[in-house]
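Engineer: how does the following fold in three dimensions:
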Amino acid sequence: MLRRALQYQKPWFAYGMALGCALAVSLAYWQARTDWTGWRQITEGHVLFAKSGAGTLAWKQPVLPAQFSQASCGSCHRDELAQTPRLNHGRQLMVRYNCTACHQLQDIDRPAMLGPDLTNIGTKVTREWIYKWLNEPRTLSDANGNVVVDGVDTESRMPKFDLNDAELRALSAYLSVQRIKSIAPSKIGLRVVNSRGKDQAAIDDGQTSFNQMFCVTCHSIAVDRGGEIKVIGGDIGPELTKVGSKVRPEWLVAWLQDPQGYLQHTKMPRYEWSDQDLYKVSQYILNKLTDPDLLKNVPQMGAPTDAEVQLGRRLFTEKGCVQCHVIDGVTPRSNFGPDLSAMGIAGGVRVLEARMPREKDFSVHFVRASVERLDVGEAVVPRSMIAYIQAKITNPASVTPAPRMPRFVMSDSDRDDVTTAVLSMTGPAIPNQPQKTVVERSHSNFRPDGEAGELYNRFRCNSCHSFRGNGGTLAPDLSYEGSRSNRDWLVQFLKNPQTLRPSLTVRMPRFNMTDKDASALADYISATLQKPDVNPKAVNQAEFTGEMADRGKQLFETKYSCQSCHTIGSSGGYVGPSLNNVADWLTPAWIEAWLRNPQALVPGTIEPRRSLSEGEIRDMTAYLLTLKQAPATENAASGANAGGQQ
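Structural biologist: Residues are numbered from 1 along each chain as shown. Next comes the predicted model:
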């Protein structure tokens, strides 16, 4: 029957069967000659590197999987490249997660301080909260490590240490006794403690003041938006959703009164609180920004014993806490973790016989740089460099028994980017090429003198603003503010900040500056922070006539349609700042220079550069100088919803 069936089949069927059999035999023979590596790659999911052989000896780097291919660029290019976003992001993550605390990394510098100063942590938080934080730095995360809502810290850089109960008790005991600097007594502090949870009117007023001060400009907070919990606000300071369950009441009052008295290098400005406002805001924080269940699963601690404190001190060093945190009298170790500066990609897989209780062949990864010693241990992970790095990041115990390295919570994409950054580190820089830090950290050298310098430091202006290349990026660069803004407007703005962009919820907080302080800062800004080619005194405002203003209005509204982006009155767009009070705000010299070439004043601004004639520039300047409005009163400026929480 079979022979008869084949007789009726077309000849191509027999040819196809023969070709398929020949192909299968060839593949089997090829895999047998290569130790079945291709088959194992399919069945076991190992990531394979290109092996070096007679035809590949000239290769300087192996072929990497696509998601890590940008590592090859980083082995030569020290600067960030637009073509390597994943490599750039991986390097940034290594800085964010403070990898330099324990490891030497190629082209990434180590700052003086990585984590918070813990010298006086015992005056700030309770022992129970420390236990909770060490056990669970992140409280709510999704499967990829993204924080949904975290009652402790929205973007915690603190990794997860595998600590048992005895170690948690010892470390919490040691940290809770760190109280070198005592808190000065405060009558407000006593009132807060005695009135906690009793004065509902003060709590409500405190929430209004919290919003009016625009605390969410720097701090994030979880709010209910139509039944959905969202985290809003800035990231300059810590998240405050449950801070009332974290800090001691007496510490909170002392901190709000004088942040620099507790932590000299803090970014938190010193507000000129009245006793009444300080009391109300403290009541709001301690009664509303809380979570009664935050410490529910924390065991009762009691007073720390000497044995617990001594064990905690030893663990603080052995676990590597001192590598990131400062405590008076405790010195970090040098070379706490292995040097990773030559950990990157190289010539391929080799076989090395390691000294172990039993003989076993390991496929290991060799680096290009010279290595005097290579420590090899048994690991239950796929034997490739990429698998090793990723296992080490997410679960160090799977690679090394009793590891000192903690576990980092990050998404799969972030883990791949960090792996790419590690693979790019291939030893010392190439000779005859300038060495440059890949991830630069700003070091502020701008320091005003005299009274203005004291105010600059008190209000921490450089936490948000940049001055001559130094400072923050949250708020506008003030390097040329003296050429831009009128002095009288600066005084009023410093006393009672008004938003220039109504669509933004991130706004400058109200510091309750006195007339004297605001005048001193405005005088310094006007006299010192100027652009050399934009001199406010060089343009005489009396030269602008009503006829010029009429022509300028036509240009503004008809020819160039500036109202598409800017608001005047109740109409216009919200892309650019409101121009309702531009005549009081901007100097005529700045307006002319801006219309002529905005990118020369603020590089990267989205304001288009138009081909305006000098006559059009003068006419539009004349029109803008007619736009004035009465200054807003303090009460009108401070609505209950100013902080953006509701």
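
Engineer: I'd guessed residue 595 sits against residue 618; true?
Structural biologist: No - counting by Cβ atoms under 8 Å, residue 595 stays clear of residue 618, with 9.2 Å between them. Where C-beta positions appear, they are placed from N, C-alpha and C, glycine not excepted.

Engineer: need the strands for the stretch 51-200 of the chain, in chain order.
Structural biologist: Counting by DSSP state E, counting those that start in this stretch, the stretch 51-200 of the chain forms no strands at all.

Engineer: any low-confidence regions in it?
Structural biologist: 51-63, 111-113, 138-156, 184-198 (pLDDT under 70).

Engineer: residue ranges for the helices of it, please.
Structural biologist: 71-74, 85-96, 121-124, 127-135, 165-176, 187-195, 200-212 (DSSP state H, counting those that start in this stretch).

Engineer: including distance to residue 385, could those helices go into JSON lines?
Structural biologist: As requested, these are arranged in JSON lines below (distance: least, Cβ to Cβ, whole Å):
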{"stretch": "helix 71-74", "distance to residue 385": "10"}
{"stretch": "helix 85-96", "distance to residue 385": "15"}
{"stretch": "helix 121-124", "distance to residue 385": "39"}
{"stretch": "helix 127-135", "distance to residue 385": "32"}
{"stretch": "helix 165-176", "distance to residue 385": "32"}
{"stretch": "helix 187-195", "distance to residue 385": "56"}
{"stretch": "helix 200-212", "distance to residue 385": "50"}
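
Engineer: wait, which of those is closest to residue 414?
Structural biologist: Between residue 414 and the helices of the stretch 51-200 of the chain, the tightest spacing by Cβ to Cβ is seen for helix 85-96, at 5.9 Å.

Engineer: other residues contacting that closest one?
Structural biologist: For helix 85-96, the external contacting residues (Cβ atoms under 8 Å, 6 or more residues apart in numbering) are 67, 70-71, 73-74, 80-81, 100, 105, 108, 157, 410, 414, 416-422, 424, 438-439, 441.

Engineer: how about a cut-off of 6 Å?
Structural biologist: Residues outside helix 85-96 that contact it (Cβ atoms under 6 Å, 6 or more residues apart in numbering): 70, 74, 80, 414, 417, 418, 420, 421, 438, 439.

Engineer: how far off centre is stretch 420-428?
Structural biologist: Distance of stretch 420-428 from the chain centroid (Cα atoms, centre = their mean, to the nearest Å) equals 23 Å.

Engineer: now do stretch 550-569
Structural biologist: Worked out by Cα atoms, centre = their mean, stretch 550-569 lies 39 Å from the chain centre.

Engineer: just the buried positions in it, please.
Structural biologist: Using 16 or more other Cβ atoms under 10 Å as the test for burial, stretch 550-569 gives 551, 552, 553, 555, 556, 560, 562, 565, 566, 567, 568.

Engineer: outline the domain layout of the chain.
Structural biologist: 2-36, 55-112+335-440, 116-325, 450-637 (automatic domain parsing).

Engineer: which secondary structure element of this protein has the lowest mean pLDDT?
Structural biologist: The helix or strand of the chain with the poorest confidence is strand 349-353; it has a mean of 37 (mean pLDDT, DSSP states H and E).

Engineer: residue 513 touches residue 497, doesn't it?
Structural biologist: No - contact criterion Cβ atoms under 6 Å: residue 513 and residue 497 do not qualify, at 9.7 Å.

Engineer: who has more neighbours, the two?
Structural biologist: Neighbour tally, residue 513 and residue 497, criterion other Cβ atoms under 10 Å: the higher count belongs to residue 513, 20 against 16.

Engineer: and the gap between the more buried one and residue 565?
Structural biologist: Distance from residue 513 to residue 565, counting by Cβ to Cβ, to the nearest Å: 31 Å.

Engineer: where exactly do the strands run in the protein?
Structural biologist: 220-225, 228-233, 349-353, 361-365, 466-467, 470-471, 567-568, 571-572 (DSSP state E).

Engineer: what pLDDT, on average, does the last one get?
Structural biologist: Per-residue pLDDT values across strand 571-572 average out to 84.

Engineer: quick one: strands adjacent to that strand?
Structural biologist: strand 567-568 (antiparallel) (DSSP bridges).

Engineer: first-to-last residue distance for stretch 549-564?
Structural biologist: Chord length of stretch 549-564, first to last residue, is 20 Å (Cα to Cα, to the nearest Å).

Engineer: how far out from the middle of the chain is that stretch?
Structural biologist: Here stretch 549-564 shows a centroid-to-chain-centroid distance of 41 Å under the convention Cα atoms, centre = their mean.

Engineer: got a list of contacts for that stretch?
Structural biologist: Against stretch 549-564 from outside (Cβ under 6 Å, 6+ apart): 572, 573, 616, 619, 620, 622, 623, 626.

Engineer: enumerate every residue touching the first one.
Structural biologist: For residue 572, the contact set (Cβ under 6 Å, 6+ apart) comprises 563, 566.

Engineer: again, only this time at 10 Å
Structural biologist: Residue 572 sits next to 557, 562, 563, 564, 565, 566, 578, 579, 580 when contact means Cβ atoms under 10 Å, 6 or more residues apart in numbering.

Engineer: how about the fourth one?
Structural biologist: When the contact criterion is Cβ under 10 Å, 6+ apart, the partners of residue 619 are 544-545, 547-556, 612-613.

Engineer: so where's the chain uncertain?
Structural biologist: 1-13, 31-63, 111-113, 138-156, 184-198, 345-384, 428-445, 502-506, 630-646.

Engineer: centre of the chain versus the lengthiest helix in it, how much separation?
Structural biologist: The longest helix of the chain (DSSP state H) is helix 11-33. From the chain centre to the centre of helix 11-33 is a distance of 57 Å (Cα atoms, centre = their mean).

Engineer: list the buried ones in that helix?
Structural biologist: Buried residues in helix 11-33 (16+ other Cβ under 10 Å): none.

Engineer: may I have that helix exported as PDB, CA atoms only?
Structural biologist: Extracted C-alpha coordinates of helix 11-33, given in PDB (Å, rounded to 0.1, in the frame of the first residue of the first chain):
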ATOM      1  CA  PRO A  11       8.500  13.700  -7.400                       C
ATOM      2  CA  TRP A  12       9.000  16.800  -5.300                       C
ATOM      3  CA  PHE A  13       7.800  15.100  -2.200                       C
ATOM      4  CA  ALA A  14      10.600  12.500  -2.300                       C
ATOM      5  CA  TYR A  15      13.100  15.200  -2.900                       C
ATOM      6  CA  GLY A  16      11.800  17.300   0.000                       C
ATOM      7  CA  MET A  17      12.000  14.300   2.400                       C
ATOM      8  CA  ALA A  18      15.600  13.600   1.300                       C
ATOM      9  CA  LEU A  19      16.600  17.200   1.700                       C
ATOM     10  CA  GLY A  20      15.000  17.500   5.200                       C
ATOM     11  CA  CYS A  21      16.800  14.300   6.400                       C
ATOM     12  CA  ALA A  22      20.100  15.600   5.100                       C
ATOM     13  CA  LEU A  23      19.600  18.900   6.900                       C
ATOM     14  CA  ALA A  24      18.700  17.200  10.200                       C
ATOM     15  CA  VAL A  25      21.800  15.000  10.000                       C
ATOM     16  CA  SER A  26      24.000  18.000   9.200                       C
ATOM     17  CA  LEU A  27      22.600  20.000  12.200                       C
ATOM     18  CA  ALA A  28      23.000  17.100  14.500                       C
ATOM     19  CA  TYR A  29      26.600  16.600  13.400                       C
ATOM     20  CA  TRP A  30      27.400  20.400  13.700                       C
ATOM     21  CA  GLN A  31      25.900  20.500  17.300                       C
ATOM     22  CA  ALA A  32      27.900  17.400  18.300                       C
ATOM     23  CA  ARG A  33      31.100  19.000  17.100                       C
END
